[in-house]
Each structure stands twice: as structure tokens, then as C-alpha cells.
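*Asks:* quick one, fold the following:
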Amino acid sequence: MQAKPFWEETYRDQTVSTFSKGPTVDVEEFYKLFPTGGRVLDMGCGEGRNSIFMAKPGCQVDALDLSENGIGKAKAIAAAEGVQVNFFPCDLGDFVFEKDYDVILSHRVLHLPERDVRSRFIRKMQDHTAVGGYHAVGIFTNRLPATPDNAPYTHSLFDVGELPALYAGWQLVHHAEGVF
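*Replies:* Residues are numbered from 1 along each chain as shown. Just a heads-up that it's a prediction; the model follows:
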């Protein structure tokens, strides 16, 4: 039996932040482009750092994560900050889009499922984005192998340049690659 991912332990601990506090750098930098009060989907929300950030100025946020511990912690953080977010546990392969979104966020999660699952999900994201909507996506590529703590759960690192190619026909506002 495979051990639980490292993040599950810190998701259970209300006194620590698993990845970091506040929104991801790209969301903080570009959120002013997003529609005020828009519909947001945060896929793989973890502790809800982007979800909570987007809900504060009045966005309607749906946020999902496979981890029930992450969802529980996100709900507690949102409640403590007086922010309303529709957090729920769900595997991205099982998620059913019931509406279109103005903004879809996905950070450091799309490398986890098998390639066919993530490819279908990206197409669904694109199909359920409102006209003029945005995606903010952060992924891991095969530029480097998955780190030892992530490797057991990583089933499909992206090829370098693969994600922009999947967005052919979309206007790319910003694309950056780096190593951290």
C-alpha cells in the first residue's frame, strides 16, 4: 500500500501552511485582469489560498481537491477570514462541469493524474470557460524528474512546451517556465 502524500500531514495541521500563505505569484499578479465578481473554479485548491484570495473581492468560487483534509482546512481558513467559498472534495477525473467559469485556476496538480485524464480535463476546462475568460495553470514538466517526495504520486509530467501547445488558438497573456 502506498503511503499518503506528504501534504496530507500538513493539511491536518491547522498551525502550519503546507505550501505557502497567500495566492500563487501568477494569480496575485494577474487577478486584476479577471472579471470582478466572476465565476471561478480552483482545481486542486489544497488549503484554498487562491480560492480565498479570489473570493475576497467578491468572486463566486467553486474549489475542489482530492484531499478531504485539504478541503477541511480550507473551509476552516475561509471561515476564519469571513470568506464564502464552495469547497468540496473531488477527483479531477470525476469532476462534472455544470456551468461555465470566467476564471479557472489549476496549480501544481495536472501532473498527478494519468495523461489521458489530464488531457480530457484540460479540454473540459477550455469548453467550460466563458467567452473572454482566463486560465491560470501551473504545472510540472519533465525538464527535471519529479522530486522524491512527489514522484510516487506523479503520473504524467508535461513535456516542455506541451501546455502552450494545448492552448493553440487561445491568446496567451503570460507564459513562463522556470525551475524551483
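
*Asks:* where along this structure do the strands fall?
*Replies:* Along the chain, counting by DSSP state E, strands occupy 39-43, 60-65, 86-89, 101-107, 129-138.

*Asks:* out of the ones you listed, nearest to G72?
*Replies:* strand 86-89 (8.6 Å; Cβ to Cβ). Every residue, glycine included, has its C-beta placed from N, CA and C.

*Asks:* tell me the mean pLDDT for that closest one?
*Replies:* Across strand 86-89, the average pLDDT comes to 98.

*Asks:* got the buried residues for it?
*Replies:* For strand 86-89, the neighbour count (16 or more other Cβ atoms under 10 Å) marks F87 as buried.

*Asks:* quick one: distance of it to the chain centre.
*Replies:* Mean C-alpha position of strand 86-89 versus that of the full chain (Cα atoms, centre = their mean, to the nearest Å) differs by 13 Å.

*Asks:* contact partners of it?
*Replies:* Residues outside strand 86-89 that contact it (Cβ atoms under 8 Å, 6 or more residues apart in numbering): 45, 48, 51, 60-68, 71, 74-75, 78.

*Asks:* same list, the strands of the chain, but as a markdown table with distance to P152 please.
*Replies:* Converted to a markdown table, the strands of the chain look like this (distance: least, Cβ to Cβ, whole Å):
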| stretch | distance to P152 |
| --- | --- |
| strand 39-43 | 21 |
| strand 60-65 | 18 |
| strand 86-89 | 21 |
| strand 101-107 | 20 |
| strand 129-138 | 20 |
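
*Asks:* tell me where this structure has helices.
*Replies:* Assigned by DSSP state H, the helices in the chain fall at 6-12, 25-30, 49-55, 68-80, 115-127, 162-166.

*Asks:* report all helices and strands that the shortest one contacts.
*Replies:* Here helix 162-166 is seen to pack against no other helix or strand when contacts are counted using 3 or more Cβ pairs under 8 Å, 6 or more residues apart in numbering; DSSP states H and E.

*Asks:* and that helix, average pLDDT?
*Replies:* 95.

*Asks:* which residues touch it?
*Replies:* S119, I122, V137, I139, T141, L172, H175.

*Asks:* again, only using 6 Å
*Replies:* Contacts of helix 162-166 with the rest of the structure, by Cβ atoms under 6 Å, 6 or more residues apart in numbering, involve I122, I139, H175.
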